[in-house]
Every structure is written in structure tokens, then in C-alpha cells.
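Novice: Below are the sequence and a predicted model; questions follow.
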Amino acid sequence: MNKIFKFTLVTFLLFNFIYIKPFELKSLNFYEWYNKCKDSKISEEDFLDIIKKSNDVHTKTLKHKNSWPLLKENIFEELNNYLTNIQPKLYEYMFDTKKAIEDEFENIRMLPEIDVIFPHSAKLITPSNSTTYVFGDLHGNFNDLSYILTDLIENEKVMYENFELSKNINLIFLGDYTDRGDSGLELLTTLMLLKIKNPNNVFLLRGNHENLVTNITYGFFDEIFKKIKCKQNKDNIIKQIAKSYELMPAAFYLGNESQPSFVHLSHAGFEIRNNPKNLIEAKIQNNQNLQFNSIDPIYKEKQENTFSSESDIDNFIKDCFDFKINEILHSMWNDFYEFDEDKIIFGLSSRGNTILRHNYKFLEYILKKYKIENKFVKFIRGHSHNHVKFYNKEEPEDDAEFKKQCRKYTKGVTSINKKVITLISGSIQYDDYAMNFVPTYLKLTQQWPNNDWHVEAKYLNEELLD
């Protein structure tokens, strides 16, 4: 009897040692999750399981039969083909050693399909009594995300400890979840837990750092290689993260059932090679208030009809159509120039020769050409850290003074009264200095009696402000 007991006990212990339980969502608690993340007690398998579950939720949402009012169902053939054989050329370089990645970096940059394989936009029509919270760049700053989520739980009272949201509450994140900071994996999986628990109310948009090559360059791969020791887990986590990037919309059109105007949300700006008119005017089918469309360049003949003059601005725009849309997406990369609002300003950004920098007058010109100048009342973006940091003041040319000013805490948003709002939601860590912002987010509601969009900025830890 004693031998049988010992055998049973040993078998039980071995089974529990070898068998890894899947991540348990039912007992999920934000504060417990936060403490585990801070104490580095999230297992490799849990990270992988959360990313997989989030991808399943995203895929299910994308595949809803009424979600694509403008496209045939075969749109998913391209996506499924990519997701089952994801960027094989890139993975030839990826899994031997970190040095191999660095050695082959220039070759990786040359791969044509690197940036976006499946560019798409989303439109959400919300009930008139809904509230939408918007969050900008966080770049692996898990502490500032935690402050924000704690505020949603304890002060706004729109989120429960189990990650579920109250009725008619939406959260939209504008991209750049990883790189620079040292907790990108914890931050990204926290947002994915929110998505899993609230599949129709939490939206993760794609920024320029939701990109494998950018991750190699700016630190997220270093973080993964440091935290994930098992080679198979590392391989699977990176593949699932790459898949998650393709499932994120690059542009988001937020509407409301009580009024016809939209808020345009993206990481960087407006994709000038794509007219969203058909999607924002598409009728809701079978109460499906979330819809998608592919972001594709306008056909050549339509492009020429839309921008047909020989003016400098039309010629510049026509040249932009020569850039492949899946190599550089304007909604993920463009810079915004806020000043000189009385004239049209446009040109190429210092980020690269296919990336634009322009002001609102230029955007207004595009909207009029597309006959949608009255459709968007606000454009909310992230991306431009310096623009927010030195908003309404001179950016120092001296490097030491620049870094000194960056270390001072400031609010993370430009003027909420302008048509274009730039939002950074937490401090950003660079190589040898930090660009410090207090945790900042936006709250969007309907303003009565005219049903216009009301935007409120919320700042946390304001005692840090100079």
C-alpha cells in the first residue's frame, strides 16, 4: 500500500512538473497580473498563450461575414496564406543567434514585404451614450500603462479588476507598444488581455514599431532574446507577434449613431493614397457596427482624375502613388507640421524618402479632392515625440540642453482644440536619456445638444510637472 501511494505521489508530481497549464483567464486579476509582471513571474508559455488567444480573437473579428461591406470573401485567401507561411525569408535570418540577426540586418531591410502585408482600416459606429478612451505611444513603458489602467479602474470606474470594461466603453490604442522601453512584452500582452476580454471594445492600431525589422533595431528583439530562453518558445512567440501586427488596423474611423461626422485615428496620419469614402459611408449590415476595408492605392485612372492638374501639389501627390503602399504606409509613418496654418505645406520627412511631412492645410486639400471634407472633425495621432515635447516652444539645438529639457516632465498632448491632436501616453526611453511625459490619455464623448465630439485630456501624476 505504501509503495502504491509513493508511486501515485511521484506520478502526480512529475505530471504537474512536466505539464504546463494554459493561461487561466477566468481568475485573471489586473493587480495580480501587474505584480507578476513586475516580479518577472510570467512564464514563457503564458506569454505565448496570451498572444495566440489574442490573435484568435482578432482573426474571428476580421472574419465576421458582415465586417467587409466592400470586398469579396477571397480577401482572406491572401491573409491566410501569409499567416500560415509568415515572412519565410525573414525567418531565415532570425533564429540562430542575435549576432546573425545583426550581421544580416541590411539584407533584412531589403525584403519587399517587410512593412505591411495586409493593410486594412476599421470603422466603428458607437451608441450615442458611449465613451471612448484613446492612448498614444507607450514604447514598453509598463509602469505608465499601469498608472493609466489603474485610473480607469479606480477613478473613471469604467474597467473592472478582471480586465472587463463597463457597457458602452471603448479603448483605442494608437500603436508603438514596444521598443525603447524594457517591458514591451509585458505591455503588449497586457493590451492583448484587454482585447481578449473585450473583443468588440478594445482596438490595437498598428504603428511603425509594429514591425519586425524595427523591433530588431530598437530593442524589442533584445528584450525577447533576454526573457525567452527556450528556442522553440522564442520562435513561436516572434511568429505570433508578427501575425498580431498584420491583424491590427492601420487606420480607424470612429463614428456615432447620432451624428454623421467621424474621428480619424491612426498612429501617424492620413493615408493620402486611399480614399476612405466608401467605407465611412457603407451601411451597417445586420447590426454589425464594426467594419473593415483593405487600404489599397486608388487605381491609376482614378488617381489621375482626382489629382489631374499640373500644380506642384498635384504632381507631388501623384508621385506618392508610385510608392508601394505595403512598403511604407502613411498612416504608420508620416509626420505632421502644425504651424503656418494659413498656407499649404508639404514635403518629405527626414525619416525617409517615401515618408511625408505636411500640415493640416495639405490634409484639407486631400479631403476636398476626395469629397470627404465634412466627414472628419478630428484627427488623433501619436508618433511625434519631439512635436509634443516642444509644443509651442523652441526645440534646443544644443544637445546637452535638448536632453535636459527632455528630462523635465510635460503633458503628453498638443492642443485638444485643434483639428489634429498628437498624443503620447507615457515617458519614452532613448539610448542615453528619457523624454518624460506624465501618463496622458484622451476621453471622447458626445457633446449635447449638437452631438459634436467632445475631447477631454486626462493627466496623471501631475505633481511631476515642472
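Specialist: Now that the structure is in, tell me what you want to look at.
Novice: Can you pull out the low-pLDDT segments for the stretch 1-150 of the chain?
Specialist: 1-23, 26, 65, 71-116 (pLDDT under 70).
Novice: what ranges do the strands span in it?
Specialist: 120-126, 131-135 (DSSP state E, counting those that start in this stretch).
Novice: contacts for the shortest one?
Specialist: In this case it means strand 131-135. Contacts with strand 131-135, where a contact means C-beta atoms under 8 Å, 6 or more residues apart in numbering, come from 126, 148, 152, 156, 158, 168-174, 254, 265, 380, 423, 425, 441-445. For every residue, glycine as well, the C-beta is placed using N, CA and C.
Novice: For PyMOL, write a command that selects the buried ones of these.
Specialist: Command for PyMOL that selects the buried part of the contacts of strand 131-135, burial taken from 16 or more other C-beta atoms under 10 Å:
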select buried, resi 126+148+152+156+158+169+170+171+172+173+174+254+265+380+423+425+441+442+444
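Novice: Can you flag which of the contacts of strand 131-135 belong to strands?
Specialist: Secondary structure from DSSP state E places 126, 169-173, 254, 265, 380, 441-445 of the contacts of strand 131-135 in strands.
Novice: could you point out the longest helix in this protein?
Specialist: helix 44-62 (DSSP state H).
Novice: now for that helix, which elements pack on it?
Specialist: Helix 44-62 is packed against helix 75-84, helix 184-197, helix 231-247, with contacts defined by 3 or more C-beta pairs under 8 Å, 6 or more residues apart in numbering; DSSP states H and E.
Novice: Distance-wise, check the residue nearest the centre of the chain relative to residue 59.
Specialist: Ranked by distance to the mean C-alpha position of the chain (C-alpha atoms, centre = their mean), the top residue is residue 175 at 2.2 Å. Separation of residue 175 from residue 59 (C-beta to C-beta, to the nearest Å): 19 Å.
Novice: Give me the neighbour count for the nearest residue to residue 29 once chain neighbours are set aside.
Specialist: The shortest distance from residue 29 to any non-neighbouring residue, by C-beta to C-beta, 6 or more residues apart in numbering, is to residue 161 (5.3 Å). For residue 161, the neighbour count with other C-beta atoms under 10 Å is 13.
Novice: Let me see the contact set for residue 161.
Specialist: Counted by C-beta under 8 Å, 6+ apart, residue 161 has contacts 29-31, 153.
Novice: Quick check: phi and psi at the closest residue to residue 175 other than its chain neighbours.
Specialist: The shortest distance from residue 175 to any non-neighbouring residue, by C-beta to C-beta, 6+ apart, is to residue 207 (2.3 Å). In terms of degrees, to the nearest 10, the main-chain angles of residue 207 are phi -100, psi -180.
Novice: quick one: buried residues of stretch 283-296?
Specialist: 290-295.
Novice: same thing with stretch 185-205?
Specialist: 185-199, 201-205.
Novice: Equivalent analysis for stretch 364-375, please.
Specialist: So for stretch 364-375, counting by 16+ other C-beta under 10 Å, buried means 365-367, 369-370, 372, 375.
Novice: Sitting in strands, which of these do you find?
Specialist: Applying DSSP E to the buried residues of stretch 364-375, no entry is found in strands.
Novice: Kindly indicate which of these lies nearest residue 349.
Specialist: residue 366 (16.4 Å; C-beta to C-beta).
Novice: pretty sure residue 462 is touching residue 440, no?
Specialist: No: checked against C-beta atoms under 8 Å, the pair residue 462 and residue 440 is beyond contact range at 10.1 Å.
Novice: Those two - which one has more neighbours?
Specialist: Per other C-beta under 10 Å, whichever of residue 462 and residue 440 has more neighbours is residue 440, with 23 against 10.
Novice: Give me the nearest residue to residue 258, chain neighbours excluded.
Specialist: residue 128 (4.0 Å).
Novice: Residue 446 is in contact with the one you found, correct?
Specialist: Yes: in terms of C-beta under 8 Å, residue 128 counts as a neighbour of residue 446; the distance is 5.7 Å.
Novice: what touches both of the two?
Specialist: 256, 258.
Novice: Between those two, point out the one with more neighbours.
Specialist: It is residue 446, of residue 128 and residue 446, that has more neighbours when counted by other C-beta under 10 Å, with 19 against 13.
Novice: so what's the more buried one up against?
Specialist: By C-beta under 8 Å, 6+ apart, residue 446 lies in contact with 128-130, 256, 258-259, 452-454.
Novice: Any of those buried? List them.
Specialist: Buried among the contacts of residue 446 by 16+ other C-beta under 10 Å: 130, 256, 453.
Novice: Since that was my last question, I'll sign off now.
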